[in-house]
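1. Output the structure for:
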Amino acid sequence: MATIADTIVDIIHASGVKRVYGLPGDSLNGFTDALRRAGTVTWEHVRHEEAAAFAAAADAALTGELAVCAGSCGPGNLHLINGLFDANRSRVPVLAIAAQIPASEIGSTYFQETHPEHLFDECSVYNELVSVPEQLPRILEIAMRTAIEKRGVAVVVIPGEIFLQKSSGRRPSAPIRHIPRITRPTDEGLREAAAVLNSAEKVTILGGAGVEDAHAQLLAVADTLQAPVVHALRGKEFIEYDNPFDVGMTGLLGFSSGYRAMEKCDTLLMLGTDFPYQQFLPSKAKIIQVDIRGEQLGRRTPIDIGLVGGVKDTIDALLPLLTKHSDSSHLQTSVAHYRKARTELDGLATNDGNKRPIHPQYLARLVDENASDDAVFIPDVGSPVVWAARYLTMNGRRRLIGSFAHGTMANAVPHAIGAQTAFPDRQVIAFSGDGGLAMLLGELLTIRQNKLPVKIVVFNNSSLNFVELEMKAAGIVNFGTELDNPDFSKVAQALGIHAIRVEEPDQLESAIKDVLSHDGPALIDVVTARQELSIPPTVTAAQAKGFTLYALRTIMSGRGDELMDLADTNVFRRLFD
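-> Next up, the predicted model:
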């Protein structure tokens with residue numbers, strides 16, 4: 001007799017699901033036992049359900065396919081929530097199976113009772129409670145289809161006893177996978193956009209994650225418009241490689257050339273981006289926005305023309321309507337500015353006379369230079385994202401994923417678990433902050449137990465570093481950000497992971513090569529400069545005032561030595577290099 005759980009396993013397997021990430025529990029036993037008996041979908045055991053959701057998010061991001069995670073009732077599936085928020089905001093298709101207490105006990109404050117059908121509403125595109133077995137498998141199929149088509153999280157809440165009940169024998173649907181389609185604006189909308197672009201003198205393009213699979217089209221439209229191309233962080237992996245029009249990134253993590261190219265344009269063409277920082281968008285330009293989701297149009301800034309469509313399909317239809325721009329001065333000026341900014345950034349990624357502690361830019365550069373051509377890089381939120389954004393080189397084969405929209409700490413290691421599980425023979429490198437690594441430190445056990453050859457690079461500055469930078473910018477004396485860290489290499493070694501600690505700059509490159517070439521999981525714990533400043537592309541008057549207040553208040557609190565360390569790490573180095 002096939003059970004509901006057997007039917008669930010059959011449906012997800014037929015739709016291409018190869019793995020389920022999770023932690024077992026009694027209310028989930030019917031499902032995990034069905035996985036065991038079927039042997040068609042693997043159970044990927046983690047030490048914390050939050051990691052299961054992150055792992056599924058990374059799996060979906062890299063494969064483009066639906067990924068699945070599961071949690072037992074109450075606290076079990078509640079732990080999924082942060083990873084599911086990340087997946088939903090990153091717009092990757094994830095199915096979460098949330099086991100529930102016995103249906104007859106719901107509403108009685110039973111042991112471990114929660115209401116997942118309410119809890120997960122904000123981080124899902126579909127969220128439904130199964131009350132009777134007859135709802136399955138139809139509810140499951142609707143959930144899967146919704147996750148795939150809306151590119152988000154679908155949650156199916158199932159009381160534990162329903163997994164064990166007899167399946168209705170409903171005729172299965174066709175495999176539920178993404179259905180290719182052509183999506184572009186109307187001819188009238190395209191003509192309207194072309195008229196504005198053809199009459200513009202200085203066009204700049206801002207691209208995001210929606211440019212995926214449209215690299216050739218992006219270069220073609222940039223060439224026609226003689227437009228510099230700026231990228232948001234999620235667009236970096238799809239935009240900056242083999243791109244003579246690239247002028248870098250903008251936003252809080254970017255640098256001056258990207259900001260300037262947008263501020264100096266008279267027309268901005270936004271392609272597949274939900275770039276959130278209004279202060280970095282141009283103040284006077286006309287704006288044309290292209291997005292597959294119509295509800296995104298004008299969300300961040302007022303626009304003049306909104307086009308609903310995929311970037312690839314839209315540009316293919318728009319290009320025949322455009323006239324080639326003959327004036328390339330805006331492009332040439334922007335590219336020259338980018339080269340200067342790039343040279344200045346690269347000048348900071350050096351050994352710096354073998355001075356300790358090691359500059360994080362230097363660490364990021366050496367990892368970039370020694371990583372494989374198809375490496376997957378996953379930075380923790382905070383300063384590791386800054387160094388990844390500025391110093392990792394994309395080439396069309398490498399990938400860069402992270403919690404770039406949700407912005408949660410501790411994403412790098414659990415994301416890496418999903419990435420490495422999906423691609424066991426590919427180099428996966430986590431850029432872990434010391435705070436992020438410590439938050440889900442137990443997942444090192446998952447990496448070792450599951451024999452995942454993840455490479456972990458720890459930026460160990462003994463602080464919540466990006467929080468300290470935010471405090472400085474707001475004029476606040478650093479407080480509550482100190483981290484009394486262990487030697488993470490010894491922790492990793494105790495767990496059975498190959499690990500090295502580096503404090504001397506001249507030992508760094510050989511240690512990186514050792515870790516990256518190791519046949520198995522490996523960690524390098526690098527002591528980096530705490531006072532390194534990641535200066536944004538433009539500094540507002542409020543930020544300048546805030547930093548001045550920070551300096552005065554730090555001196556008045558008797559901590560002037562911090563300012564001297566800050567100057568030695570940043571100001572003096574920039575003056576005398």
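2. beta partners of residue 500?
-> residue 524 (DSSP bridges).
3. Correct me if wrong: it contacts residue 527.
-> No - with contacts counted by C-beta atoms under 8 Å, residue 500 stays clear of residue 527, the gap being 11.9 Å. Yep, even glycine has a C-beta here, placed from its N, CA and C like the rest.
4. which residues does residue 497 contact?
-> Applying C-beta atoms under 8 Å, 6 or more residues apart in numbering to residue 497 gives the contacts 444, 447-448, 520-523.
5. Can you tell me which of those are buried?
-> 444, 447-448, 521-523 (16 or more other C-beta atoms under 10 Å).
6. May I see the residues you listed organised as a markdown table, with distance to residue 217, pLDDT and secondary structure added?
-> Formatted as a markdown table, those follow (distance: C-beta to C-beta, whole Å; pLDDT from 0 to 100; DSSP: H, G, I helix; E, B strand; the rest coil):
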| residue | distance to residue 217 | pLDDT | secondary structure |
| --- | --- | --- | --- |
| 444 | 42 | 98 | helix |
| 447 | 39 | 98 | helix |
| 448 | 44 | 98 | helix |
| 521 | 39 | 98 | coil |
| 522 | 39 | 98 | strand |
| 523 | 40 | 98 | strand |
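7. any idea which of those residues is closest to residue 210?
-> Among the buried ones among the contacts of residue 497, residue 447 lies closest to residue 210 (C-beta to C-beta), at 32.3 Å.
8. That closest one touches residue 522, doesn't it?
-> No - counting by C-beta under 8 Å, residue 447 does not reach residue 522; the two are 9.8 Å apart.
9. Can you classify the one residue sitting closest to the centre of the chain as helix, strand or coil?
-> The centre of the chain sits closest to residue 402, judged by C-alpha atoms, centre = their mean, with a distance of 2.2 Å. With DSSP: H, G, I helix; E, B strand; the rest coil as the basis, residue 402 sits in coil.
10. Quick one: residues contacting it.
-> 378-381, 385, 388, 411-412, 415.
11. Just the ones in strands from these, please.
-> Mapping those onto strands (DSSP state E) picks out 378-379.
12. mind listing what's buried in stretch 100-112?
-> Buried residues in stretch 100-112 (16+ other C-beta under 10 Å): 100-101, 103, 106, 112.
13. Tell me the span between the first and last residue of it.
-> Length of stretch 100-112, first residue to last, C-alpha to C-alpha, to the nearest Å: 9 Å.
14. Grab the longest helix from the chain for me.
-> Longest helix in the chain, counting residues (DSSP state H): helix 329-348.
15. How far off centre is whichever helix or strand comes after that one?
-> Downstream of helix 329-348, the next assigned helix or strand under DSSP states H and E is helix 360-370. When C-alpha coordinates are averaged (C-alpha atoms, centre = their mean, to the nearest Å), helix 360-370 and its chain have centres 20 Å apart.
16. Residues contacting helix 360-370, please?
-> With contact meaning C-beta under 8 Å, 6+ apart, helix 360-370 is reached by 345-346, 348-352, 383-384, 387-388, 390-393, 429, 431, 457, 459, 461, 505, 508-509, 512-513, 516, 526, 528-529, 532.
17. tell me the angle that helix makes with helix 329-348.
-> In terms of direction (axes from the mean of the first three to the mean of the last three C-alpha atoms, to 10 degrees), helix 360-370 departs from helix 329-348 by 100 degrees.
18. pLDDT on helix 360-370, on average?
-> Per-residue pLDDT values over helix 360-370 give a mean of 97.
19. repeat for stretch 64-76
-> Averaging pLDDT along stretch 64-76 gives 97.
20. That one: end-to-end distance?
-> Across stretch 64-76, first to last residue, C-alpha to C-alpha, it's 27 Å.
21. List the buried residues of it.
-> So stretch 64-76, judged by 16+ other C-beta under 10 Å, has buried residues 65-74, 76.
22. quick one: which of these is nearest to residue 142?
-> Nearest to residue 142 among these, counting by C-beta to C-beta, is residue 66 at 13.2 Å.
23. I'd guessed that closest one sits against residue 149; true?
-> No - Residue 66 is beyond contact range of residue 149, at 10.8 Å (criterion: C-beta under 8 Å).
24. what's next to stretch 140-150, contact-wise?
-> For stretch 140-150, contacts defined as C-beta under 8 Å, 6+ apart pick out 8, 11-12, 15, 66, 93-95, 125-126, 128, 152-156, 173, 176-178.
25. now those residues: which count as buried?
-> 8, 11-12, 15, 66, 93-95, 125-126, 128, 152-156, 173, 176-177.
26. which residues touch residue 65?
-> Residue 65 sits next to 16-17, 59, 93, 177-178 when contact means C-beta under 8 Å, 6+ apart.
27. Equivalent analysis for residue 230, please.
-> Residues near residue 230 by C-beta under 8 Å, 6+ apart: 204-207, 247-250, 258, 261-262.
28. can these go into a markdown table with extra columns for distance to residue 477?
-> A markdown table is the format used below for the contacts of residue 230 (distance: C-beta to C-beta, whole Å):
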| residue | distance to residue 477 |
| --- | --- |
| 204 | 39 |
| 205 | 41 |
| 206 | 36 |
| 207 | 39 |
| 247 | 37 |
| 248 | 33 |
| 249 | 30 |
| 250 | 30 |
| 258 | 32 |
| 261 | 36 |
| 262 | 34 |
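29. In helices only, show me the residues you listed.
-> 258, 261-262.
30. Now, of the residues you listed, which are buried?
-> With burial judged by 16+ other C-beta under 10 Å, the buried subset of the ones in helices among the contacts of residue 230 is 258, 261-262.
31. Out of these, the closest to residue 304 would be?
-> Closest to residue 304, out of all of these and judged by C-beta to C-beta, is residue 262, at 15.2 Å.
32. so who does the closest one touch?
-> Contacts of residue 262 (C-beta under 8 Å, 6+ apart): 204, 206, 230, 250, 268, 280-282, 285.
33. Please tell me how far it sits from residue 296.
-> Distance, residue 262 to residue 296, using C-beta to C-beta, to the nearest Å: 18 Å.
34. The residue nearest to the centre of the chain and residue 366: what is the separation?
-> 20 Å.
35. Please name the nearest non-neighbouring residue to residue 417.
-> Leaving aside its sequence neighbours, residue 417 sits nearest to residue 55 (C-beta to C-beta, 6 or more residues apart in numbering; 4.5 Å).
36. My error: substitute residue 323 in the last question.
-> In space, residue 323 comes closest to residue 198 once its chain neighbours are excluded; the distance is 5.0 Å by C-beta to C-beta, 6+ apart.
37. do the same with residue 266
-> Using C-beta to C-beta, 6+ apart, the nearest residue to residue 266 is residue 202, at 4.8 Å.
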